[in-house]
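Visitor: Okay, predicted coordinates and the sequence, questions at the end:
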Amino acid sequence: MHRRIALSLFLLALGSTLPLRAQEQAPAPPEGFTAIFNGKDLSGWSGSEKYWSVEDGCLTGVTDGKLDYNRFITWKDGKVKNFELRVKVKVTTGGNSGLQYRGQERPDLGEWVVTGYQCDVVPARDDHNGMLYEERGRRILAHTGEKVVIDPQGQPWVVGKLPVQKFPAETWHEYRVLVQGNHHQHWIDGVPTVDVIDLDEKGRALEGVIAVQVHVGPVMKIQYKDFFVKHLPADLPLLTAAQAPIPAEAVKVVPQGGGKPKKAAAAAPAK
């Protein structure tokens with residue numbers, strides 16, 4: 001009898017801990033947010049199982065160092081226009097990935113290709129980690145630590161600075177993306193990394209898919225968990241050139257591959 005009672009008490013105690021453990025593994029979304037990854041399988045996502053799987057409750061991407069171009073896995077249950085995204089990310093040393101948003105799926109460019117805005121995940125480069133990049137488009141729009149206005153001709157201008165911090169690999173960090181109209185903001189662990197206003201009507205996108213990336217380069221593993229999105233009102237106003245003037249002391253964003261910053265003499269049309 002005593003053994004049965006002891007066993008019953010043990011099972012009761014064990015059962016009482018299970019919901020807590022499950023909650024720790026898959027916390028409820030913050031108020032107003034929706035979970036877009038269930039922590040169990042790839043339901044709602046589309047990508048190659050050669051690169052993507054679920055490991056330890058995380059959306060996991062791996063490469064063998066032989067990737068010939070970047071591959072993506074795309075959230076298929078909706079598109080985003082104005083939104084806030086929060087996700088925890090961990091990448092191995094030397095790894096390179098990105099959070100694609102308002103993206104476009106482009107099978108004509110290759111298998112599992114997505115173009116568009118990207119919040120970069122590059123712990124080895126403090127000036128790239130959390131920056132705003134446009135995949136297969138205008139490329140670097142703002143390095144980490146830059147406040148930028150992209151003029152109507154598509155040229156990004158640095159109009160202010162933010163402090164740059166280090167967020168090392170091999171540990172979890174929370175990435176946050178907030179997009180309202182043509183105003184883009186990124187954070188890592190609550191630290192702002194870029195603040196961008198996109199006035200380029202021809203080059204910008206106002207709606208598209210969410211995706212995540214495995215990048216060409218060395219062997220890597222990237223993991224995502226606690227992946228939450230909040231949809232904001234679709235009719236938020238777009239900022240105009242009059243509301244986002246480019247000062248005379250602004251300099252051009254250094255393009256990918258180098259180059260020297262240039263003053264804003266050519267920026268007059270954007271004022």
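Guide: Received the coordinates, thanks. Numbers count the residues shown, from 1 in each chain.
Visitor: Just give me the residue right at the centre of the protein.
Guide: Closest to where the C-alpha atoms of the chain average out (C-alpha atoms, centre = their mean) is L99, at 2.7 Å.
Visitor: What helix or strand is the nearest residue to that residue once chain neighbours are set aside located in?
Guide: In space, not counting the residues next to it along the chain, L99 is nearest to C119; the distance is 4.3 Å by C-beta to C-beta, 6 or more residues apart in numbering. For every residue, glycine as well, the C-beta is placed using N, CA and C. Using DSSP states H and E, the element containing C119 is strand 114-121.
Visitor: Paired strands for that strand, with orientation please.
Guide: strand 97-105 (antiparallel), strand 132-135 (antiparallel) (DSSP bridges).
Visitor: Nearest to H215 among these would be which one?
Guide: strand 97-105 (5.9 Å; C-beta to C-beta).
Visitor: Other residues contacting that closest one?
Guide: Strand 97-105 is contacted from outside by 61, 72, 74, 80-81, 83, 85, 87, 89, 91, 113-122, 133, 135, 175, 177, 179, 205-215, 220, 222, using C-beta atoms under 8 Å, 6 or more residues apart in numbering.
Visitor: And the strands in the stretch 101-250 of the chain?
Guide: With DSSP state E, counting those that start in this stretch as the criterion, the stretch 101-250 of the chain has strands at 114-121, 132-135, 139-142, 146-150, 156-161, 173-180, 183-188, 191-198, 209-214, 220-231.
Visitor: P29 is nearest to which of those strands?
Guide: Between those, strand 220-231 lies closest to P29; by C-beta to C-beta that is 4.7 Å.
Visitor: Roughly how far does the nearest residue to A205 once chain neighbours are set aside sit from V219?
Guide: The shortest distance from A205 to any non-neighbouring residue, by C-beta to C-beta, 6+ apart, is to R102 (4.5 Å). Using C-beta to C-beta, to the nearest Å, R102 is found at 30 Å from V219.
Visitor: who has more neighbours, those two?
Guide: R102 (21 against 13; other C-beta atoms under 10 Å).
Visitor: Return the residues in contact with V113.
Guide: Contacts of V113 (C-beta under 8 Å, 6+ apart): Y69, N70, R71, F72, E105, R106, P107, R136.
Visitor: hmm, try it at 6 Å
Guide: R106 (C-beta atoms under 6 Å, 6 or more residues apart in numbering).
Visitor: how close does the residue nearest to the centre of the chain get to P247?
Guide: Where P247 is concerned, L99 sits at a distance of 30 Å (C-beta to C-beta).
Visitor: swap in R71?
Guide: To P247, R71 is 40 Å away according to C-beta to C-beta.
Visitor: Which one of those two is surrounded by more residues?
Guide: Comparing R71 with P247 by other C-beta under 10 Å, the one with more neighbours is R71, at 23 against 12.
Visitor: Name the nearest residue to that one, sequence neighbours excluded.
Guide: Excluding the flanking residues, the one nearest R71 by C-beta to C-beta, 6+ apart is W112, at 4.4 Å.
Visitor: Measure how buried that neighbour is and give me the count.
Guide: Residues lying near W112 (other C-beta under 10 Å) number 23.
Visitor: G116 - how many residues pack around it?
Guide: Considering only other C-beta under 10 Å, G116 is surrounded by 22 other residues.
Visitor: my bad, R138
Guide: R138 - counted by other C-beta under 10 Å - has 21 other residues nearby.
Visitor: can you list the strands paired with strand 114-121 in a markdown table and add distance to E31 and mean pLDDT?
Guide: Formatted as a markdown table, the strands paired with strand 114-121 follow (distance: least, C-beta to C-beta, whole Å; pLDDT from 0 to 100):
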| stretch | distance to E31 | mean pLDDT |
| --- | --- | --- |
| strand 97-105 | 21 | 97 |
| strand 132-135 | 27 | 98 |
